[in-house]
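# everything below, folded, please.
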Amino acid sequence: MIYITTAMHCEAKPFIDRWNLKKDSASSIFRVYKNSDRILLITGVGVVSAAVGATYLLTRYPPRFGDMFMNIGICGAKDKDIKKGQAVLCHKIIHHDTGRCYYPDMLFKHPFLEGVLETFSRPVDKALRPSVEGDVVDMEGAGAYQAAERFLSHGAIHCIKIVSDYLEGNKLDKGQVTDLIEGNVPAVSRWISVVEDLLPLPEPLFTKEEEEYLDRVCQNLRLTVALKHQLKHLAGQYTVRSQDLVEALKPFGDIKCTSKNEVKRYFEQLKGRLMEY
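Numbering: from 1, shown residues only. This is a model prediction of the structure:
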């Protein structure tokens, strides 16, 4: 499955049309469009909206081993060396407000320009321009990435941005945004198809005993949905290293958390155990 988020419908429309995605009437919180192997959610504008939307998407429609997540939308470029309409695949994402950086694994060949994306919590104007570190700026990328990494590996998360302006403060109408995205849909779509062929097929990572023990630990520790996904991701990596997962989980099998502080403490201990080599 390919998961995609955009901030606005005008960014999503070219992909909805290209893949003949149908609106999912079961989703009342966000607009979701899907077919058998593509699912797209419109988050709304802003880093918080992007994070909430991505979390909703990956929680309501849980990803499996071999799935991929993409955040796609328009961006502003710091310099005019990058042409308007150029698609940029981001190899580094900076959250301007927190200073935190994310580094997507660039595992697959691609036809795009690579660059650094910096995500701001408000539109970048001339006053903010001197503080821009990235090659391009947006208001969603860091939020979407931070949420997605709770569910998927770094190699399965990608951010593609299409340059729409040079931080001049000029607003585009919806039609102009759609046209910019439309011009890149063929290349993005072809690349996704190539990557799909290279991604590993979904397969069961856990034995029945391991699944049952994982569920027992999740229930006893009172883990949230997001923490459950994070635990299963770490557990999957642990099994790939040919470790005995049940043996690693046993110290936590009978612990029953009664407070949020206990949940946090024991989950961090469990994480540390599963990340041991």
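# lowest average confidence, helix or strand, in the protein?
Of all regular secondary-structure elements in the chain, judged by mean pLDDT, DSSP states H and E, the least confident is helix 225-240 with a mean of 77.
# and the helix or strand just after it, what's buried?
Following helix 225-240 in sequence order, the next helix or strand is helix 245-249 (DSSP states H and E). Judged by neighbour count using 16 or more other Cβ atoms under 10 Å, the buried positions of helix 245-249 are 245, 248-249. In this view, the C-beta of every residue, glycine as well, is placed from N, C-alpha and C.
# likewise for stretch 246-263?
Under the neighbour-count rule (16+ other Cβ under 10 Å), stretch 246-263 has 248-249, 252, 257, 263 buried.
# residue ranges of the helices in this structure, please?
Shown for the chain, the helices assigned by DSSP state H span residues 9-18, 47-60, 141-148, 174-182, 185-198, 208-221, 225-240, 245-249, 260-274.
# how near is the spatially closest residue to residue 18 that is not a sequence neighbour to residue 245?
Distances taken as Cβ to Cβ, 6 or more residues apart in numbering put residue 185 closest to residue 18, at 5.3 Å, once the chain neighbours are dropped. Relative to residue 245, residue 185 is positioned 42 Å away (criterion: Cβ to Cβ, to the nearest Å).
# residues contacting the residue lying closest to residue 67 once chain neighbours are set aside?
Counting by Cβ to Cβ, 6+ apart, residue 1 is the residue found nearest to residue 67 once chain neighbours are left out, at 4.6 Å. The neighbours of residue 1, taking Cβ atoms under 8 Å, 6 or more residues apart in numbering as the test, are 37-39, 61, 63-64, 67-68.
# swap the cut-off to 10 Å and go again
Residue 1 makes contact with 34, 36-39, 61-64, 66-69, 196, 202 under the criterion Cβ atoms under 10 Å, 6 or more residues apart in numbering.
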